[in-house]
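Undergrad: Sequence unavailable; structure follows:
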């Protein structure tokens, strides 16, 4: 995407854990079916290198010398244990932008703790404000893309700096800090005003009524949000009952409003209800499952989902870019399916790094490279 050639480096002993997100354990090479891996890795080249092996580190060094950007998200100690810390990476290529994405940062008392999205959402406070009142916190499951987007912005800034200085640099993007950045509102509320945010389910501190309600039929849900008095008057004209002219009135009476709305929606088909609400100027939408969202006529008309043919999983719809350049129109973004494990070993090791077929065979025999889980 955007013209960059991305080489994803894994090893046969430690492949990307996202490969293991599949429920299809009953097929050969089951690790090639992970939907999370597919969604995050389309268009990349796939290379396997065992970095605990001298030859693996040597090959990585040659690859770094030919690269503009190096991205890793190990705990800080891992690269040093392998003998390829950031100093070594920049020694191999002084003009490289080295992006490190540890869970908690390169220093501090938690520097060597591993962390994943679930960890960040607990430590960063997102889980504490997600869920229903009086029930356990829930995981928003958004921290991975949050960290990734922040890293992209930081990397682009570093590339622009390199254009001006001609020098590479080390960029640190701790996952926990990206999560805290997104949750800044709750932090500011507490630090400035002493307000501790609580779980309010689908409600809002600023809009009422707001929630998700069941319509007639099985698994037919509608989401609405009433933010203004005009929107409330339009909704009140439809559902009747006691008038609540101000937002404070409606927030205070939200339980009763939920009861009234639940009864009104329960006997009505969702398609008709959504159109009536939208026609009245009330924000409303059907709650779609992933299956129906993928077939939504709006997305379909814009060609957002692109179909790629994976050699094992077969034809698969994958999200394209969530933006457009006017000069490109609706041209596809994705250049190819996600790589199977080590798919591009021969083209990278041979074509880019100059190893002969015999040498590549020796690397496979030594376990440095490979195409199946060890």
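TA: Noted; the coordinates are in hand. Predicted model only: the values in this text are computed from it and were never measured.

Undergrad: residues making contact with stretch 280-287?
TA: Stretch 280-287 is contacted by residues 212, 220-227, 230-231, 234-235, 237-238, 270-271, 273-274, 277-278 when judged by Cβ atoms under 8 Å, 6 or more residues apart in numbering. For glycine as for every other residue, the C-beta is placed from the backbone atoms N, C-alpha and C.

Undergrad: what about stretch 62-82, start to end distance?
TA: Stretch 62-82 has an end-to-end distance of 16 Å (criterion: Cα to Cα, to the nearest Å).

Undergrad: pLDDT of that stretch, averaged?
TA: Stretch 62-82 shows an average pLDDT of 96 in the prediction.

Undergrad: among the contacts of stretch 280-287, which ones are buried?
TA: With burial judged by 16 or more other Cβ atoms under 10 Å, the buried subset of those is 220-222, 224-226, 231, 234-235, 270, 273-274, 277.

Undergrad: In strands, which of the contacts of stretch 280-287 fall?
TA: Taking DSSP state E as the definition of strands, these contribute 212, 221, 222, 223, 224, 225.

Undergrad: does residue 176 sit in a helix or strand, and which one?
TA: Assigned by DSSP states H and E, residue 176 belongs to helix 175-182.

Undergrad: If we only consider the buried ones among the contacts of stretch 280-287, which is nearest to residue 91?
TA: residue 225 (54.4 Å; Cβ to Cβ).

Undergrad: got a list of what that closest one touches?
TA: Residues in contact with residue 225 (Cβ under 8 Å, 6+ apart) are 204, 207, 210, 283.

Undergrad: tell me which of those is nearest to residue 44?
TA: Closest approach to residue 44 among the contacts of residue 225 (Cβ to Cβ): residue 283, at 38.2 Å.

Undergrad: Count residues in the vicinity of the closest one, would you?
TA: 15 (other Cβ atoms under 10 Å).

Undergrad: Need the phi and psi values for it.
TA: Here is the backbone geometry of residue 283 (degrees, to the nearest 10): phi -60, psi 120.

Undergrad: now swap in residue 72 and tell me
TA: According to degrees, to the nearest 10, residue 72 has phi -140, psi 150.

Undergrad: Please apply the same query to the one 3 residues further on.
TA: With angles defined as degrees, to the nearest 10, residue 75 shows backbone torsions of phi -70, psi 150.

Undergrad: And the one 4 residues further on, by the same measure?
TA: Dihedral angles phi and psi of residue 79 (degrees, to the nearest 10) take the values phi -60, psi -40.

Undergrad: show me the contacts for it.
TA: 72, 85, 86, 89 are the contacts of residue 79 under Cβ under 8 Å, 6+ apart.

Undergrad: In stretch 129-141, which residues are buried?
TA: Residues 129, 130, 131, 137, 138, 140 are the ones in stretch 129-141 that count as buried (16+ other Cβ under 10 Å).

Undergrad: Repeat that for stretch 176-195.
TA: Residues 176, 178, 179, 180, 182, 183, 186 are the ones in stretch 176-195 that count as buried (16+ other Cβ under 10 Å).
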